[in-house]
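[1] Quick one, structure for this:
(2 chains)
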Amino acid sequence: MTRHIVSPKVYLLVFAVLIALTAATTQVARFDFGPLNVVAALTIAAIKATLVVLFFMHLIHSSHRTKVVLAAGVLWLIILISLLLSDVLTRGWLPAPKAW
Amino acid sequence: MPDSELALAHHFVDLDQQHDAATLGMWVFLVTEIMFFGGLFAGYALYRSIYPAAFGHGSRLCDVTLGAINTVVLISSSLTMALAVRAAQLGLRARLIAFLAATLLLGSLFLGIKFLEYSHKFHEHLVPGAGFGYSGPNSRQVQLFLCFYFGMTGLHALHMVIGVGVLLVLMVLAWRGHITPLRSNSVEVAGLYWHFVDIVWIFLFPLLYLVDLHK
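    Numbers count the residues shown, from 1 in each chain, chains lettered A, B, ... in the order given. Model prediction:
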């Protein structure tokens, strides 16, 4: 049987952690950590998203096939963002020849 | 005929395969949604790194209190949705309808607060376009931030509206007794969609409202 019925205690615990992390990210944002502000915001958001995916969306009890599908989606998102930024933000690092 | 035969569509071998196909189908759709929102997130990351000062100004035009309240509202709606899925799997009809209704109310509350935020922006002439009235420095780039703000939160809100519609349909189905433990795939799959929309907001809130708050 693939259907795994999760205890409400698990849902309530995940919910409490998600609310605590929301409070944490809102408070952390009030202080200046330089570039680490974005890192902190994205790290907390990634932890929250992982909790939602694993427990609310039952990925922890899902088949390997489902896990591979999600992993492929996340991989392509990383490719999209990293290749876009590594192209545009590195332009001008090396001098381009004006004419041949 | 027993429910296990009625619940099984003829093109599936058994109920497990039917359940796997339903959830996998939704996950494949959600992956296309990751790429759909991903393009917007990538564009936002790019322009934010090109115009950090202007995006900082734009970000501080957002109401952090309303944004934080909405985050809590949406996470709460994910909890009630998860409990609705559980009620459907257990065949607890009254509880299923109650949790679906709670999710519907919380989702509508989110949209109401979003409407309030949008109307503030309209009154302050902070909507990109001909009537844009921001007079501070880097006005054009601040307008670009607000294009991302309205584009991303607007598309997210559209997903919420669709989710609310799905919840209404599920409530009717549950009311008529069409959702049984063996026929709870629809609720489960709608739950996956609802939680995905929650995750999009989990990233939108810090990126649009929070990262430049300290400046």
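[2] wait, B:T180 sits on B:L90?
    No - B:T180 sits out of contact with B:L90 when judged by C-beta atoms under 8 Å, with a separation of 10.4 Å. For glycine as for every other residue, the C-beta is placed from the backbone atoms N, C-alpha and C.
[3] These two - which one has more neighbours?
    For the pair B:T180 and B:L90, the greater number of neighbours falls to B:T180 (16 against 13), based on other C-beta atoms under 10 Å in any protein chain shown.
[4] what residue ranges in chain A score low on pLDDT?
    Residue ranges of chain A with pLDDT under 70: A:1-3, A:100.
[5] Show me how it divides into domains.
    Here the domain assignment for chain A is A:1-57, A:63-90, based on automatic domain parsing.
[6] Pick the most deeply packed of these.
    With neighbours defined by mean count of other C-beta atoms under 10 Å in any protein chain shown, none of the domains of chain A is more surrounded on average than domain A:1-57, at a mean of 16.
[7] ok, so what distance separates the residue nearest to A:I5 when sequence neighbours are not counted from B:R183?
    Spatial nearest neighbour of A:I5, excluding adjacent residues (C-beta to C-beta, 6 or more residues apart in numbering or on different chains): B:Q89 at 5.1 Å. Between B:Q89 and B:R183 the computed distance is 11 Å (C-beta to C-beta, to the nearest Å).
[8] burial count for the residue nearest to B:D63 when sequence neighbours are not counted?
    Of all residues beyond its chain neighbours, the one nearest B:D63 is B:E117 (5.9 Å), with distances taken as C-beta to C-beta, 6+ apart. B:E117 has 17 neighbours, counted by other C-beta under 10 Å.
[9] all helices for the chain, in order.
    No chain specified, so I'll use chain A. According to DSSP state H, chain A carries its helices in the segments A:8-28, A:36-51, A:64-88.
[10] that's the wrong chain, I wanted chain B
    Along chain B, the segments classed as helices by DSSP H run B:3-7, B:15-50, B:52-59, B:64-90, B:93-123, B:139-175, B:185-204.
[11] Indicate which one of those helices is closest to A:S63.
    Of all the helices of chain B, helix B:15-50 sits nearest to A:S63, with 6.3 Å by C-beta to C-beta.
[12] what ranges of chain B fall below the confidence cut-off?
    Using pLDDT under 70, the flagged stretches of chain B are B:1.
[13] Quick check: chain neighbours aside, which residue is closest to B:H156?
    Leaving aside its sequence neighbours, B:H156 is closest to B:V200 (5.4 Å, by C-beta to C-beta, 6+ apart).
[14] if I pick the one you found, what's in contact with it?
    Contact partners of B:V200, counting by C-beta atoms under 8 Å, 6 or more residues apart in numbering or on different chains, are B:37, B:156, B:159.
[15] again with B:F148
    Neighbour list for B:F148: B:40, B:43-44, B:47, B:208 [criterion: C-beta under 8 Å, 6+ apart].
[16] where's it relative to chain A, distance?
    Taken as C-beta to the nearest C-beta, to the nearest Å, the spacing of B:F148 relative to chain A amounts to 15 Å.
[17] rewinding a little: quick one: closest of the helices of chain B to A:V68.
    Per C-beta to C-beta, nearest to A:V68 of the helices of chain B: helix B:15-50, 9.8 Å.
[18] B:G67 is in contact with B:P206, isn't it?
    No - when contacts are counted by C-beta under 8 Å, B:G67 is not listed as touching B:P206 (9.3 Å).
[19] more crowded one of these two?
    For B:G67 versus B:P206, neighbours defined as other C-beta under 10 Å are more numerous around B:P206 (26 against 21).
[20] That one contacts A:L42, correct?
    Yes - shown here, B:P206 and A:L42 form a contact pair, counting by C-beta under 8 Å, at 7.2 Å.
[21] how near is the spatially most central residue of chain A to chain B?
    Most central in chain A under C-alpha atoms, centre = their mean is A:A46, positioned 3.2 Å from the mean C-alpha point. Between A:A46 and chain B the distance, using C-beta to the nearest C-beta, works out to 8 Å.
[22] ok, that residue to A:V38 distance?
    When A:A46 is compared with A:V38 (using C-beta to C-beta), they lie 12 Å apart.
[23] B:G165 now?
    Between B:G165 and A:V38 the computed distance is 35 Å (C-beta to C-beta).
[24] that older thread, nearest to B:M81, of the helices of chain A?
    If you check each of those against B:M81 by C-beta to C-beta, helix A:8-28 wins as the nearest, at 9.9 Å.
[25] What is the closest one packed up against?
    Helices and strands touching helix A:8-28, as assessed by 3 or more C-beta pairs under 8 Å, 6 or more residues apart in numbering or on different chains; DSSP states H and E, comprise helix A:36-51, helix B:64-90.
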